[in-house]
Structures are given as structure tokens and as C-alpha cells.
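K.L.:
coordinates for the following, if possible.
(chains A and B)
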Amino acid sequence: GAGVSQSPSNKVTEKGKDVELRCDPISGHTALYWYRQSLGQGLEFLIYFQGNSAPDKSGLPSDRFSAERTGGSVSTLTIQRTQQEDSAVYLCASSLAGRNEKLFFGSGTQLSVL
Amino acid sequence: RKEVEQDPGPFNVPEGATVAFNCTYSNSASQSFFWYRQDCRKEPKLLMSVYSSGNEDGRFTAQLNRASQYISLLIRDSKLSDSATYLCVVTPNTGTASKLTFGTGTRLQVTL
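P.N.:
Predicted structure coming up:
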């Protein structure tokens, strides 16, 4: 597609369940980023990928969070044993290699943990 | 201290007004700076990069002050469509993918 695609757009889950969020970046973009945004808050950095490797995963809040990227394309963010404080909009962005200033964001996944 | 700090606002201004936002950053090694715009319930989009010498894009002017570690955004002749949250972004590296740190944003409301 023409833009960054994220799925699902909305996810409601019960506390303690695992969830998987998917990001399909713009074709040819080698850098991929995950951020999350709580209501009325700024963007919190989680992790970024250059190709399939993650040079910086310092923003992952706990070991319940993990992410992978395969084939230099699609990325999956997995949250295990979800907690209510995980509720937020999870945003994925991609950029061309060497052009990190222009991030193209997807429309996000709204995660609600009940 | 937060890595990137912004006045959350809201800034309420009438159409046609000039408004300015500042953003301070704590990491003196920061190299690249940007302003993003985020409309309500939408994803952020790049507004403009901020260059050392300052730069202008139509009604928007961005400035960088490395000595005081702040960047600014000036909007002239405000339009209703400028109403949004403006996010300041800094990163330590240039030219390669790296962590971009976002401020919490400054909300602007332009009124008739």
C-alpha cells in the first residue's frame, strides 16, 4: 500500500491476555519505529528497527513487551499478560534509510485492556 | 528532567494572530530537530525540519538555539486549520535511523 498500515485498528482484551499488533511499513523503508501514546500524553518511544535488527529497544517498558521484524518489512509488537496500564494507542512509523527525520506514521492500534 | 520539554498550552489565539512555541531539550549531543503536527485523534505528520541557521516555510519559521538548547516555531497569520498539537522532536544522530524523542506537544486553538 501507499502508507504505513497497522492492524488491528482497535483491540479490546482482558487483563492477563496476550496481544499482537502488526505494522506493515512503506515498501522500501528500512527503518521502523514503535511508539505508544496514552490519552492526552506525548509519544513514548518503545523500539526501532534498522532492517531486521533493533539497535535501540530501550523504551520497552518491561519484559512483557517484545517486538520482531522479519524480511526487513512487517513488524509485530507483542504484549504478554496485558495490564490495564498498557491501554494506549500504539503507533508504528517507518522511514527511508538515512532519512530518519521524516517518519511516516500509521493510524495506530487503540489497545484497551479491561 | 525530561529529555524534551514543551509548554502544553493550550494557546488560544484569534485568526490572523502570530503565535510562537518554544521547546527545550536536555541532551547537548542532539543533532537533528523537527516539528511535527498532530491533529486530534490522528497520527503525527512532519511539519518541518529545524536547521541551525533557521528556516522558513510559508507562514512557519523554525529557529534553533544550540547554546540555550531550545528550538522555536513561529506561526504567522494563523488560520483555523492550524489548530492542532505541535510536537517538538530531537534526535542525537544525523543521516541514519535513530531514536527520535518527542515532546508532549503544545496545543494550539485558533478561533474566529
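
K.L.:
name the helix or strand for the residue positioned nearest the centre of chain A, please.
P.N.:
By C-alpha atoms, centre = their mean, chain A has its centre lying nearest to A:Trp34, at 3.4 Å. Assessed by DSSP states H and E, A:Trp34 sits inside strand A:31-37.

K.L.:
and the residue nearest to the centre of chain A, bridged to which residues?
P.N.:
Counting by DSSP bridges, A:Trp34 is bridged to A:Ile47, A:Cys92.

K.L.:
that one reaches A:Ala88, doesn't it?
P.N.:
No: if you go by C-beta atoms under 8 Å, A:Trp34 and A:Ala88 don't touch, sitting 11.3 Å apart. Using the backbone N, CA and C atoms, a C-beta is placed for each residue, glycine as well.

K.L.:
quick check: next helix or strand after the helix or strand of chain A with the lowest mean pLDDT?
P.N.:
When each helix and strand of chain A is scored by mean pLDDT, DSSP states H and E, strand A:53-56 comes last, with a mean of 87. Counting by DSSP H and E, the element after strand A:53-56 in chain order, helix or strand, is strand A:65-69.

K.L.:
can you list the low-confidence ranges for the chain?
P.N.:
This is for chain A. Applying pLDDT under 70 to chain A flags the ranges A:1, A:97-101.

K.L.:
wait, chain B
P.N.:
For chain B (pLDDT under 70), the answer is B:93-97.

K.L.:
for it, what lies in contact range of chain A?
P.N.:
Along chain B, the residues adjacent to chain A under the rule C-beta under 8 Å from any C-beta of the partner chain are B:32, B:34, B:36, B:42-46, B:49, B:87, B:91, B:93, B:95-105.

K.L.:
among those residues, which lie within helices?
P.N.:
Using DSSP state H, no member of the residues of chain B next to chain A sits in helices.

K.L.:
buried only: go through these for me.
P.N.:
Buried members of the residues of chain B next to chain A, counted by 16 or more other C-beta atoms under 10 Å in any protein chain shown: B:32, B:34, B:36, B:43-44, B:46, B:87, B:91, B:97-105.

K.L.:
which residues of chain A fall in strands?
P.N.:
For chain A, applying DSSP state E gives strands covering A:5-7, A:10-13, A:19-24, A:31-37, A:43-50, A:53-56, A:65-69, A:75-79, A:88-95, A:104-105, A:109-113.

K.L.:
what sits against B:Val89?
P.N.:
Applying C-beta atoms under 8 Å, 6 or more residues apart in numbering or on different chains, we find B:Val89 in contact with B:4, B:33-36, B:100-103.
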